[in-house]
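Visitor: just to be clear, the model below is a prediction. Sequence and coordinates:
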Amino acid sequence: MESNIRIIETLVMHEESERKLLWDIYHAAFERLNRRTPIHHGGFDASQFDAVLLDEDFTKFLVYADDELAGATLITNVLAKIPWVNPGYFDDHYPNRAASGDIFFLPAVVIDPKHQDLRLIGSRLLQQSLTTLGENAVMAVDYSETLRRSLPAFVQRGMGRTFKGEILDRLVYQIFYYEDPS
């Protein structure tokens, strides 16, 4: 089956039916996770996601399994287009890379849940998208504590080589109460 997997790089997804299918995949990919954590994974709503798919500032790597759209990776170096990212931080802390456009943000790697049995599909998708960025690229991602152990391992498989990483910050969701709220 792996030989029937192909990855297409594009800047704009013109076909409305494919954009709708990819929204369904994106939404489904985060649905189960969003029941486990107060942090909303898959930060775009349907209209924002559609706008991203039409926006040339986001490179889309679309994965097809047997000619069926099965997932995508989205990457941009226009950090201001990610509402939850502070581009000024990267300008201040990585001025040379920011000025050269070598800081990328990866807001999504999603695979249709019905294709999750193809274990390498996500790694192949990530690997192809990352290798196009070049050796000077810095890739930023965000994820919750729920994904803390699994995401770096996924990136390691996708990159297929040694890399360095550092945690830049953490967002903590906490509740306070007098009596057990459950």
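Guide: Good, I have the coordinates. Numbers count the residues shown, from 1 in each chain.
Visitor: can you tell me which helix in this structure is longest?
Guide: Ranked by residue count under DSSP state H, the longest helix found in the chain is helix 16-34.
Visitor: tabulate the CA atom coordinates of it in CSV.
Guide: Output in CSV follows, covering the C-alpha atoms of helix 16-34 (Å, rounded to 0.1, in the frame of the first residue of the first chain):
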residue,chain,number,x,y,z
GLU,A,16,-13.9,23.4,-3.2
SER,A,17,-14.7,19.7,-2.8
GLU,A,18,-11.1,18.9,-1.8
ARG,A,19,-11.0,21.8,0.6
LYS,A,20,-14.3,20.5,2.2
LEU,A,21,-12.8,17.0,2.4
LEU,A,22,-9.6,18.3,4.0
TRP,A,23,-11.6,20.3,6.5
ASP,A,24,-13.5,17.1,7.5
ILE,A,25,-10.1,15.3,7.9
TYR,A,26,-8.7,18.2,9.9
HIS,A,27,-11.7,18.4,12.2
ALA,A,28,-11.9,14.6,12.7
ALA,A,29,-8.1,14.4,13.4
PHE,A,30,-8.5,16.7,16.4
GLU,A,31,-12.0,15.7,17.6
ARG,A,32,-10.9,12.9,19.9
LEU,A,33,-8.0,14.8,21.3
ASN,A,34,-10.2,17.8,22.0
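Visitor: and the spatially most central residue of the chain, helix, strand or coil?
Guide: With distances taken as Cα atoms, centre = their mean, Ala108 lies nearest the centre of the chain, 1.9 Å away. In three-state terms, and counting by DSSP: H, G, I helix; E, B strand; the rest coil, Ala108 is strand.
Visitor: and it, how far is that from Glu15?
Guide: As for Ala108, its distance to Glu15 is 18 Å (criterion: Cβ to Cβ, to the nearest Å). The C-beta positions use only the backbone N, C-alpha and C, and glycine is treated the same way.
Visitor: ditto for Tyr94
Guide: Counting by Cβ to Cβ - Tyr94 and Glu15 are separated by 36 Å.
Visitor: what about the two, which has more around it?
Guide: Between Tyr94 and Glu15, Tyr94 has the larger neighbour count (other Cβ atoms under 10 Å), namely 15 against 12.
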